[in-house]
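# One predicted model, sequence on top.
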Amino acid sequence: MLSFFRGCWEWKSQVFHLAKIDLVKTCRGAVLGWIWLFVRPATYVFVFWLALALGLKAGSTVGDYPYIVWLTAGLIPWFFMQELISTGSDVYRRYTYLVNKIKFPLVAISAFYALSKLYIYLMSMGIFMLGCIIFGYHFSIYLIQLPFVFALMYGLFVAWSVMTSPLSAISKDFGNLIKTLSTPLFWLSGIIFNLGTIHHEWVHTVMCFNPVSFFVEAHRYAMCDNMWLWENPKMLLIFLVVFLATIIVARIVFRRLNTEVADVL
Amino acid sequence: MFSRSEDEVAIRFSHVDKTYRLFKNDRARFYSVFNKRVKHETIHANCDLSFEIKRGEAVALVGNNGAGKSTALKIITGVITPTSGTVDVNGRVSALLELSAGFDMNLTGRENIEMRGFLWGLNKKEIAELTPAVEEFAELGSYFDQPMRTYSSGMKARLGFSFASSIDPEILVVDEALSVGDKRFSKKCIARVKEIMSGTGVTVLFVTHSSSAAQEFCTRGLVLDHGRLTYDGPIKDAIEFYDKSNNM
């Protein structure tokens, strides 16, 4: 397990640098470059808000805070997670030259790719919070658990990417499977509706096993519900089990396939 | 870091095997992840390969297509791992393998050099010193600041050569790379490789079909045939052996 992280640590300066390059690449070719990174999510937030709050009158189903804050607190982490669920599961094809032309640890490819997405996410989060403050929404002390949530989210999705990228490299079926699962995951994870309104206990238990759901909830605990994560110990514990299981499976898959990746790409 | 005697050996292959498994299709390959008994054909790219190269030696790898030269070089550079056997490489390897590879086509030449510099482990200052030298040697003019997808294949190769030969490697791996660009540039490349080789302690591995090039640069030759080492000795004899085995 340790060698897994040590590999990344030794290459940390390269990881940071490549994350920056990945960002540059994402923005390349458009005059408005950077702006697009934020315009797209902002549009989504606006459209969902329009449809849900004004159209379906869903605003009353959350707590005593503006619906748009609740919605955005779930959507911004979702954009990050969606990106890593889909493209993060196929980083070796995206950076083929780092796999089979240059000596570079495969784990570090996942690490820098997730980091580049994390930058975008953190900036979106910053803009969102700034907006909230300008419009007079007050955050509370519970906000301080967010960095912990960021770290968990980064860790989980690096593990996810390490686990799935070798599989995607070997077979495109796997990539297609994940793309297929991405949309259902969005609708089932309680990102745009409040899971709390479902009155079946088993639904909540099942949802605890869904990390997307956990992260969305965690953001809302910190920004809207004013709760600590450990006030829902079942959710936190199940998530931690899932987190550990992901790391272990990632390690098994990676050990088994990492030497094959360069041969197939 | 290494003991004294260990220090003298730049590259050591002991009983290295590299096999590629060929499947009927992608589906069979996918099943093989879960079930090791899926039918496949096994290709031995390298077969029980053992040799030792001392620091400062210039060695030519000679052999026909498919003899396993490139596989051996790729193992040395570390991008592929041997199926069995052990490989020790002491020193930093710069490879002139596929020169145009390893670049990101969406980045400019300058950005690519910066990125490769970072990957090589240089810091900002060293990269700033390196870049003008690479720029000058590659002779790309204003294309240096254009995305690499706009480059011609010769330009990519020139940039690749300039980078790989500018970073003071301890082990230089050259794979048919000296035919870069036009005659004039090719001459410049050969001069550069000679310059690197004249440095103390630089180990050079040279892969070629052409015996004249091998004789010009190297003192020792390894002849490979179907993944096996068939001859190891002074370059002249090695070439003779190779020519004879090809009935020339």
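Received, thanks.
# Just give the number of residues close to B:A10.
Using other C-beta atoms under 10 Å in any protein chain shown, B:A10 is surrounded by 25 other residues. Yep, even glycine has a C-beta here, placed from its N, CA and C like the rest.
# Next, count neighbours for the residue nearest to A:A30 when sequence neighbours are not counted.
Once flanking residues are discounted, A:A30 sits nearest to A:W36: 5.9 Å by C-beta to C-beta, 6 or more residues apart in numbering or on different chains. If you count neighbours by other C-beta under 10 Å, A:W36 ends up with 13.
# tell me the phi and psi of A:W36?
The phi/psi pair for A:W36 (degrees, to the nearest 10) reads phi -60, psi -30.
# Pull up the per-residue confidence for it.
Looking at A:W36, its pLDDT stands at 80.
# likewise A:A245?
According to the model, A:A245 scores 92 on pLDDT.
# for it, helix, strand, or coil?
The three-state label given to A:A245 by DSSP: H, G, I helix; E, B strand; the rest coil is helix.
# Run through the helices of chain B in chain order.
All helices of chain B, identified by DSSP state H, fall at B:4-8, B:26-34, B:69-77, B:109-120, B:124-138, B:153-166, B:183-198, B:211-217, B:235-245.
# for the stretch 1-150 of chain A, same thing?
Assigned by DSSP state H, counting those that start in this stretch, the helices in the stretch 1-150 of chain A fall at A:2-10, A:12-27, A:34-49, A:67-86, A:91-94, A:96-100, A:106-134, A:146-170.
# Pull up the residues of chain B that are close to chain A.
Counting by C-beta under 8 Å from any C-beta of the partner chain, chain B comes close to chain A at B:20, B:26-27, B:29-30, B:33, B:77-81, B:93, B:97-98, B:101-104, B:106-107, B:111, B:115-116, B:118-119, B:121, B:147.
# Type out the ChimeraX command that picks the buried ones from those.
Remark: buried members of the residues of chain B next to chain A, expressed as a ChimeraX selection using 16 or more other C-beta atoms under 10 Å in any protein chain shown:
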select /B:20,29,30,33,77,79,80,93,97,98,102,103,104,106,107,111,115,116,118,119,147
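# would TSV of the helices of the stretch 1-150 of chain A with distance to B:K194 be doable?
Listed next are the helices of the stretch 1-150 of chain A as TSV, based on distance: least, C-beta to C-beta, whole Å:
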stretch	distance to B:K194
helix A:2-10	34
helix A:12-27	32
helix A:34-49	47
helix A:67-86	48
helix A:91-94	38
helix A:96-100	29
helix A:106-134	35
helix A:146-170	40
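# can you tell me which of the ones you listed the model trusts least?
Note on those: lowest mean pLDDT is at helix A:2-10, with a mean of 68.
# And B:T71, how far from chain A?
For B:T71, the distance to chain A equals 10 Å [C-beta to the nearest C-beta, to the nearest Å].
# so that residue makes contact with B:P82?
No: look at B:T71 against B:P82 with C-beta atoms under 8 Å: they stay out of range, at 9.1 Å.
# Would you mind listing the residues touching both of those two?
B:18, B:46 (C-beta atoms under 8 Å, 6 or more residues apart in numbering or on different chains).
# can you list the residues of chain A near chain B?
Counting by C-beta under 8 Å from any C-beta, chain A sits next to chain B at A:13-14, A:17-18, A:21, A:24-25, A:28-29, A:97, A:99-104, A:167, A:170-174, A:256-257, A:259, A:262-264.
# Of all residues in the stretch 151-265 of chain A, which one is closest to chain B?
Closest residue of the stretch 151-265 of chain A to chain B, C-beta to the nearest C-beta: A:S171 (3.8 Å).
# Select only the buried ones of the residues of chain A next to chain B in ChimeraX?
To isolate the buried ones among the residues of chain A next to chain B in ChimeraX, judged by 16+ other C-beta under 10 Å, type:
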select /A:14,17,18,21,25,99,100,101,102,103,104,167,170,171,174,257,262,263,264
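# Could you list the low-pLDDT ranges of chain B?
Low-confidence segments of chain B, defined by pLDDT under 70: B:1-7, B:96-100, B:176-181, B:210-211, B:213, B:247-248.
# what's the host helix or strand of A:L177 packed up against?
Secondary structure assigned from DSSP states H and E places A:L177 in helix A:172-188. Counting contacts by 3 or more C-beta pairs under 8 Å, 6 or more residues apart in numbering or on different chains; DSSP states H and E, helix A:172-188 packs against helix A:67-86, helix A:146-170, helix B:26-34.
# So which bits of that helix are buried?
Here helix A:172-188 shows A:174-175, A:178, A:182, A:185-186, A:188 as buried, counting by 16+ other C-beta under 10 Å.
# In JSON lines: those, plus pLDDT.
Output for the buried residues of helix A:172-188, formatted as JSON lines (pLDDT from 0 to 100):
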{"residue": "A:F174", "pLDDT": "79"}
{"residue": "A:G175", "pLDDT": "78"}
{"residue": "A:I178", "pLDDT": "84"}
{"residue": "A:S182", "pLDDT": "83"}
{"residue": "A:L185", "pLDDT": "84"}
{"residue": "A:F186", "pLDDT": "84"}
{"residue": "A:L188", "pLDDT": "80"}
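# now the helices of chain B in JSON lines, with distance to A:V242?
Below are these laid out as JSON lines (distance: least, C-beta to C-beta, whole Å):
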{"stretch": "helix B:4-8", "distance to A:V242": "46"}
{"stretch": "helix B:26-34", "distance to A:V242": "22"}
{"stretch": "helix B:69-77", "distance to A:V242": "38"}
{"stretch": "helix B:109-120", "distance to A:V242": "34"}
{"stretch": "helix B:124-138", "distance to A:V242": "40"}
{"stretch": "helix B:153-166", "distance to A:V242": "44"}
{"stretch": "helix B:183-198", "distance to A:V242": "52"}
{"stretch": "helix B:211-217", "distance to A:V242": "57"}
{"stretch": "helix B:235-245", "distance to A:V242": "59"}
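# Appreciated, that's everything.
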